[in-house]
Structures are given as C-alpha cells and as structure tokens.
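In: how does the following fold in three dimensions:
(one chain, ligands or ions: 1)
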Amino acid sequence: MNAYDKLLLQNKAWSKERIAADKDFFKRLESRQSPKFLWIGCSDSRVPANEITGTPPGDIFVHRNIANMVVHTDLNMLSVLEYAVKILKVDHIIVCGHYGCGGIGAAFSNSNLGLINKWLRNIKEVYKIHQKEVDDVKDPEDRVNKLVELNVIEQCRDLVKTSIIQNAWKVRKAPEIHGWVYGLGDGLINELITIEPDFEKIDPIFRYDFDQLG
Ligand code: CO
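Out: Down below sits the predicted model:
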C-alpha cells in the first residue's frame, strides 16, 4: 500500500477507535469548539501541536508557518489571532519554536531563495536586534538555537504590539502569552517566557489609546 492510501485507511481506524472509547466524541465536537489555547508554531512536520501536548481535537486552535513568526502585516496570522482572541476567547497563546529550526537556520544564509527571502527577512530583523548575543555563541548549531529562543521571545513581544491583544487585555485581562521551544531530540518543551496581561505595562510607543477611539 502506498503512503497516501495508508493515510485514508488509518483515518478510518482512528475514527473507529475514538468512537469505541467514547461514543459521543464526534457528536460533542461537531456542534462547537471551545479551545482554551491558540498555538502559533512552526510548520515543521515534527512539531504537531496536539500530539506533543497530549491533547485531543478541540483543545488547541492552531496557526503554523515557517519559524512560528508573528508578522504584523500577515493577514492569515492576524485573522487567526483575532478569531481566537475575540470570538473563541482563548485564555492562553503559545508561540512554540523548536531547536534545529530550518527556517531560523536559513535566515543566517546569504542564499537568494526567491519568495522565501521576504519571509526570512523577518527573522534576519530579529537577529539584528540580538546580534551581539547571537554572535557570542561560537558553535554554529548552538548559534541557530540561540536565535530560535530569542525569536520566540520576540514573537511573543510582537503579539503584545497588536491592537487585538491590547484590546483583549483592556477588556478582559486575557490572554496570557507564552513562549516555548520544543526539543526535537527529546520531545520536551522548554518554557522560556510568560507575558501576563497588563495593559499599563505595554511599551508606550506601541500602546493604542482605545478610549480615544471610543
Ligand atoms: Co522550524
């Protein structure tokens, strides 16, 4: 059997197993979703949100792109963020990078890769912010992993710069923002940062005046 046909066959088996364990499983999920988490992760096939956190369908609203970026002009990311925060009212947003990220590694290269140049450019900007700290790491793999960590922290901070997060913090004092890095070699999550909702602590240059807007 080829790999493609195997997917469909495994799906049938999975559905059957779920129903055997809990006959209303799909009926419950069919009517509504109420995930408590938004996941912004890397597209890398080795970092599936549900599997590595041991969660079933319905628990995590997911957005993934190359190197788990929060790009403030990315309509896809912003639409997912707005829906998750405003409509689903998630309590937590998790930005999850992973050690050995190919996207982060590619950002160090000078190759002209075409369209992807524009995406990697965002990672190069993060490098520029933390150039000294990254360059101090001599081993090339460790240097990539240092930028993986700093990039996750920077994307968490970028979330706070959006009016979507700021408005939610003002109105309902949520969600919390968490930065994680997943280890491909051991399957473990390294929790790097948590940003508690605090409208007053937002960097003034990025803070929007919602009262003024009415
Ligand atoms: Co990656």
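
In: state the helix or strand in which the residue positioned nearest the centre of the chain lies.
Out: Taking CA atoms, centre = their mean, the centroid of the chain lies closest to residue 40, which sits 1.5 Å from it. Residue 40 is part of strand 37-42, with elements assigned from DSSP states H and E.

In: what sits up against that strand?
Out: If you take CB atoms under 8 Å, 6 or more residues apart in numbering as the criterion, strand 37-42 is touched by 47, 49, 59-68, 70, 77, 80-81, 84-85, 88, 90-98, 101, 103, 155, 175. Bear in mind the C-beta positions are built from the backbone N, C-alpha and C, glycine included.

In: make it 6 Å
Out: With CB atoms under 6 Å, 6 or more residues apart in numbering as the test, strand 37-42 has contacts from 47, 49, 60-64, 67-68, 84, 90, 92-96, 98, 101.

In: could you look up the SS state of residue 179?
Out: Put simply, residue 179 is strand when judged by DSSP: H, G, I helix; E, B strand; the rest coil.

In: check contacts around it.
Out: Counting by CB under 6 Å, 6+ apart, residue 179 has contacts 95, 152-153, 156, 192-193.

In: would you tell me what the next helix or strand after the helix ranked longest in the chain is?
Out: Looking across the chain with DSSP state H, the single longest helix is helix 140-160. Next along the chain after helix 140-160, taking DSSP H and E as the criterion, comes helix 163-172.

In: next one: that following helix to chain centre, how far?
Out: A distance of 19 Å separates the C-alpha centroid of helix 163-172 from that of its chain, computed with CA atoms, centre = their mean, to the nearest Å.

In: and the angle from that helix to helix 140-160?
Out: 60 degrees (axes from the mean of the first three to the mean of the last three CA atoms, to 10 degrees).

In: and helix 163-172, average pLDDT?
Out: For helix 163-172, mean pLDDT is 97.

In: hmm, who's touching that helix?
Out: By CB under 6 Å, 6+ apart, the residues outside helix 163-172 that reach it are 81-82, 85, 159, 197, 199, 208, 210.

In: mind doing that once more with 8 Å?
Out: 78, 81-82, 85-86, 89, 93, 159-160, 174-175, 177, 197-199, 202, 207-208, 210.

In: residue 152: how many residues sit nearby?
Out: Using other CB atoms under 10 Å, residue 152 has 30 other residues around it.

In: from the ion, how far off is it?
Out: Taking CB to the ion, to the nearest Å as the measure, residue 152 falls 11 Å from the ion.

In: likewise residue 146?
Out: As judged by CB to the ion, residue 146 and the ion stand 15 Å apart.

In: in this structure that residue contacts residue 137, no?
Out: Yes: using CB atoms under 8 Å, residue 146 is in contact with residue 137, at 4.8 Å.

In: settle it for me: which of these two has more neighbours?
Out: When residue 146 and residue 137 are compared for neighbours, residue 146 comes out ahead with 19 against 14, by other CB under 10 Å.

In: list the contacts for the more buried one?
Out: Counting by CB under 8 Å, 6+ apart, residue 146 makes contact with 133-134, 137.

In: adding distance to the ion and pLDDT, write the residues you listed out as CSV.
Out: Formatted as CSV, the contacts of residue 146 follow (distance: CB to the ion, whole Å; pLDDT from 0 to 100):
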residue, distance to the ion, pLDDT
133, 20, 98
134, 17, 98
137, 18, 98
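
In: looking at those residues, which is nearest residue 31?
Out: Comparing the contacts of residue 146 against residue 31 with CB to CB places residue 134 closest, at 47.8 Å.
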